[in-house]
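**Student:** coordinates only, sequence not included:
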């Protein structure tokens, strides 16, 4: 059953720590995306990658980093530089001109 | 990137048809119009996409006038489980897209 898997579903971070959110897809999609969603708000683009070993900053990239070493994986690291990391993080993927397909998100909270 | 405007919230009753309109005055020639549905603590789920005129699938219809500056998502005979946030997006699917705040649809019994 093809899809996008985000893990963990819930994640807690201590102040000053980096944490990495996992996103894996078995849809053979070329493009992958990371979004952040705050309560009652829409999604804001953090980073996106249209091909392996290449990625671009989205609208709110500061305090985040990504890598795209494999087509199926696009991990997001929330660094200590991100001062307000508490949010719902969503990963998506797409191929050619098809709509984006989303995972079910990781909720990050600060202890 | 074209920006969209849609109502912040709507209420309706079970069994009724619901129409949500989205404005996108600056839509580009290559842009599609796409609608997503999102339940709390879940990722958005694709509903329907269109370019012009009318598109229909098993869950919804999408009406797009000739000037493509607006579109209307139509949900036939809604149920309580259709309570969700609905997002209208415009883009060519090959680049980043903008999610607004969406429309919070509340279905009443």
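**Tutor:** Happy to help now that I have it. Quantities reported herein were computed from a predicted structural model and do not represent experimental measurements.

**Student:** CA atoms for contacts and neighbours, from now on please.
**Tutor:** Fine.

**Student:** Near chain B, which residues of chain A are found?
**Tutor:** If contact is defined as Cα under 8 Å from any Cα of the partner chain, the residues of chain A in contact with chain B are A:40-45, A:48, A:58, A:88, A:90, A:96-105.

**Student:** Kindly write the PyMOL command that selects the buried subset of the residues you listed.
**Tutor:** Listed next is the PyMOL selection for buried residues among these, using 16 or more other Cα atoms under 10 Å in any protein chain shown:
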select buried, chain A and resi 42+43+44+45+48+58+88+90+99+100+101+102+103+104+105
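
**Student:** Sketch out the low-pLDDT regions of chain A for me.
**Tutor:** Low-confidence segments of chain A, defined by pLDDT under 70: A:1-2.

**Student:** Work out which residue lies at the spatial centre of it.
**Tutor:** Within chain A, one residue has its C-alpha closest to the average C-alpha position: by Cα atoms, centre = their mean, that is residue A:34, at 3.2 Å.

**Student:** any idea how far residue A:74 is from that residue?
**Tutor:** For residue A:34, the distance to residue A:74 (Cα to Cα, to the nearest Å) stands at 8 Å.

**Student:** just residue B:82 next, same as before
**Tutor:** Here residue B:82 is placed at a distance of 31 Å from residue A:74 (Cα to Cα).

**Student:** next one: residue A:51
**Tutor:** When Cα to Cα is the yardstick, residue A:51 and residue A:74 sit 11 Å from each other.
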